[in-house]
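>>> just a sequence and a predicted model for now, questions to come.
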Amino acid sequence: MSALPPDRKLPWDWYDGVVPGNVVLEGEAYLETSYSFLHFRSEVPEAVRLGHATTVYLGSMFDLGPRARVRVGQFTLVTGAWIICDAEVEIGDYCLIAWNVVLMDTYRASLDFAARRRELEQLPARGLRRFIADTPARPIRIGRNVWIGFDCCVLPGVTIGDGAVVGARSVVAEDVPPYTIVAGNPARVIRQIENNESPETNPR
Amino acid sequence: MSQPPANEPGKFLDGKLPPNVRLGTNTILKGEHAFTRFHSQLKDALVIGDHCTMDGAQFSLHDTARVTIGNYCYFTNCMLMCELELRIESYVVIGWNAAIADSDFHPIAPAERIADTIACLPIGQGRPRPPVPKLPVIIEDGVWIGPNATILKGVRIGEGAFIEPGAMITRDVPARARMLGNPARQIGTV
């Protein structure tokens, strides 16, 4: 674990790839595979920063555009999130993100049919045939100690407050207040939860 | 993939194309599992138009299923499940993990469901399966379907509609409607 070797290959990786130079792993952060960077295109310094002990498993994808930035705090468990980001996605400490979760700060498509049509006409002539967003991205913020169940989607511009729980298969289209359970498609508030955290029990 | 010449024949990059699939000019298909569940015996069971990009789309087709796709479509890692007919027009985008099905696949009535379960088991091989509701799905020009969305049988999605991520489409969608939720409701127009 921890620091990457100079060739930026993960010694345990099943995929023959490298971790991009602008990905920073703090302390004991763990990445299962460099395959997660298959769609990575960010050119900004420190495009991805994973905090100490944060772990990103197999099913995760960093689908980042050229100016995208992803920040993940400490002790966060990302089992399988598809992060579609053109601006900024921020995930706090002690979060649980389950498998097949989509976190998107951009639709990568114009809402306007005619603009989408023009983009699709240009696309086949472009190397790698990648979609390039012509719509503004709206950053996503996921607070501290947030649990997101499997198959959820978090839509552009959403903020999820500290300690919240998002039920499986929910689609979060609006902000979620702190210490709240939401579920459904679109997600609705189910109930509040008491914050019984005590800082002494948290690891450092 | 380098820049393709203007008029290159369509190609499948990860295996052998079934003989009853036709790809238009400049169309590129990718994905090891694109045809793992492709069982259609019809002539021209799958016809894809020109300038399409299908990266990781899975074509799960029953013996007599027919799928037609127009020009300039862009699909990533989606599942197309067809027992009857699926018609997708041009400029359609389908996102990661989205699913489209034109059938219920199994009967709803309990007795028929047991008969179907047995017919689907290896031990019941050769037994006739009870009829299952199937209705064609039609997706018109310029529809955008987000990741994790699901489109069920008998639905027609009107021109330019915008299907939000995770939406469950169970009824017809008017042209240019913006749909969200399970079941999906119209939240606006685009």
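Looks like it came in fine.
>>> stretch A:3-21 and chain B in contact?
No - using CB under 8 Å from any CB of the partner chain, stretch A:3-21 never reaches chain B; the gap is at least 14.5 Å. (Glycine included, C-beta is placed from N, CA and C.)
>>> near chain B, which residues of chain A?
Counting by CB under 8 Å from any CB, chain A sits next to chain B at A:82, A:84, A:100, A:102, A:104, A:107, A:109, A:111-113, A:116-117, A:120-121, A:123-129, A:131, A:151-153, A:155, A:169-171, A:173, A:184-186.
>>> among these, which ones are in strands?
A:82, A:84, A:102, A:104, A:153, A:171 (DSSP state E).
>>> most neighbours among those residues, which one?
Most neighbours among those, by other CB atoms under 10 Å in any protein chain shown: A:C153, with 31 neighbours.
>>> which ones are touching the spatially most central residue of chain A?
Note on chain A: the residue nearest the mean C-alpha position is A:I83, at 3.8 Å, using CA atoms, centre = their mean. A:I83 is in contact with A:60-64, A:70, A:89, A:103-104, counting by CB atoms under 8 Å, 6 or more residues apart in numbering or on different chains.
>>> now flag whichever of those is closest to B:E8.
A:D63 (26.6 Å; CB to CB).
>>> just the CA trace of stretch A:104-121, in CSV.
The C-alpha trace of stretch A:104-121 is given here as CSV (Å, rounded to 0.1, in the frame of the first residue of the first chain):
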residue,chain,number,x,y,z
MET,A,104,-21.9,12.9,-12.0
ASP,A,105,-21.2,16.6,-12.0
THR,A,106,-22.1,16.8,-15.7
TYR,A,107,-24.5,15.2,-18.2
ARG,A,108,-21.8,15.3,-20.9
ALA,A,109,-24.6,16.3,-23.2
SER,A,110,-26.6,19.4,-23.9
LEU,A,111,-30.2,19.3,-22.9
ASP,A,112,-30.9,20.9,-26.3
PHE,A,113,-31.6,18.3,-29.0
ALA,A,114,-30.0,20.4,-31.9
ALA,A,115,-26.8,20.9,-29.9
ARG,A,116,-26.6,17.1,-29.1
ARG,A,117,-27.1,16.4,-32.8
ARG,A,118,-24.2,18.6,-33.8
GLU,A,119,-21.9,17.0,-31.2
LEU,A,120,-22.9,13.5,-32.4
GLU,A,121,-22.1,14.5,-36.0
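>>> what mean pLDDT would you report for that stretch?
In this model, stretch A:104-121 has a mean pLDDT of 90.
>>> could you pull out the buried residues of it?
A:104-113, A:116-117, A:119-120 (16 or more other CB atoms under 10 Å in any protein chain shown).
>>> those residues of chain B touching chain A, which are they?
Going by CB under 8 Å from any CB, the residues of chain B near chain A are B:1-4, B:26, B:28, B:51, B:53, B:55, B:72-74, B:91, B:93, B:96-97, B:142, B:144, B:146-148, B:159-160, B:162, B:164-168, B:176, B:178, B:180-182, B:190.
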